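Chemist: turn this into a model:
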Amino acid sequence: MERSDVMKYLIKYFVDFIVLIFLYAFVFFRKWKSQGRDRLLVKTLMYAYLSLVLYFTMMPVVMSIPFMLNHPYKSMNLIPFIDVSLGRGDFFRQLVLNVIMTMPFGFLFPLTQDKRAKFGVTVFFCFLTSLGIELLQPFFDRSSDITDLITNVIGGVLGYGLYVIFKPITFWVLERLKTR
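Modeler: Residues are numbered from 1 along each chain as shown. This is a model prediction of the structure:
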């Protein structure tokens, strides 16, 4: 890639990160700060996590919006694990990364809720988030796959399992933040 191409590439991502920083600073931080340091920490971690998910799955977004409809919409591959069965590409790596990517969702989501979210609610919102990403990806000239949706939900389930395991430690840390 030429230097000018690299700069254009970086600027596209830079614009998205500036938008995310402004959203956090001028909308979310002000709202969450009043809820206490423990809530601010948990919700900030969730925001940072979702920003990273956005980076890996959809970015650049802002600079791509005017061109969203300039290419044909590729429909979602609806055959689960077809890459595995056909031995295409680095399917194992993709499966593992999709699971790992959504484990923080399963862990953090229950902590962001005022009434701690139960398993079904957490998995449902993990599914909805993943489905939303998969349905939007083709607008940003990315592929969409049912396998990603399945493995993302598995990651959310595993993350919720970690939430349950580490719940006593997590709540102990959050209580310490409240009393400071």
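Chemist: show me what the helix or strand hosting residue 173 is packed against.
Modeler: The secondary structure element spanning residue 173 is helix 146-179 (assigned by DSSP states H and E). Applying 3 or more C-beta pairs under 8 Å, 6 or more residues apart in numbering; DSSP states H and E, one finds that helix 146-179 makes contact with helix 37-57, helix 82-86, helix 91-112, helix 119-136. Heads up, the C-betas are built off the backbone N, CA and C, glycines and all.
Chemist: can you do 6 Å?
Modeler: Under the contact criterion of 3 or more C-beta pairs under 6 Å, 6 or more residues apart in numbering; DSSP states H and E, helix 146-179 touches helix 37-57, helix 91-112, helix 119-136.
Chemist: and residue 147, which of the ones you listed is closest to it?
Modeler: When the helices and strands packed on helix 146-179 are compared for distance to residue 147 using C-beta to C-beta, the nearest one is helix 91-112, at 7.3 Å.
Chemist: for the closest one, name the packing helices and strands.
Modeler: Short answer (3+ C-beta pairs under 6 Å, 6+ apart): helix 91-112 packs on helix 37-57, helix 119-136, helix 146-179.
Chemist: what would those helices look like in TSV with mean neighbour count, distance to residue 29 and mean pLDDT?
Modeler: Written out in TSV, the entries for these read as follows (neighbours: other C-beta atoms under 10 Å; distance: least, C-beta to C-beta, whole Å; pLDDT from 0 to 100):
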stretch	mean neighbour count	distance to residue 29	mean pLDDT
helix 37-57	16	8	96
helix 119-136	17	22	97
helix 146-179	16	16	95
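Chemist: put together a markdown table for the ones you listed, with distance to residue 7 on each row.
Modeler: Putting those into a markdown table (distance: least, C-beta to C-beta, whole Å) gives the following:
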| stretch | distance to residue 7 |
| --- | --- |
| helix 37-57 | 18 |
| helix 119-136 | 26 |
| helix 146-179 | 31 |
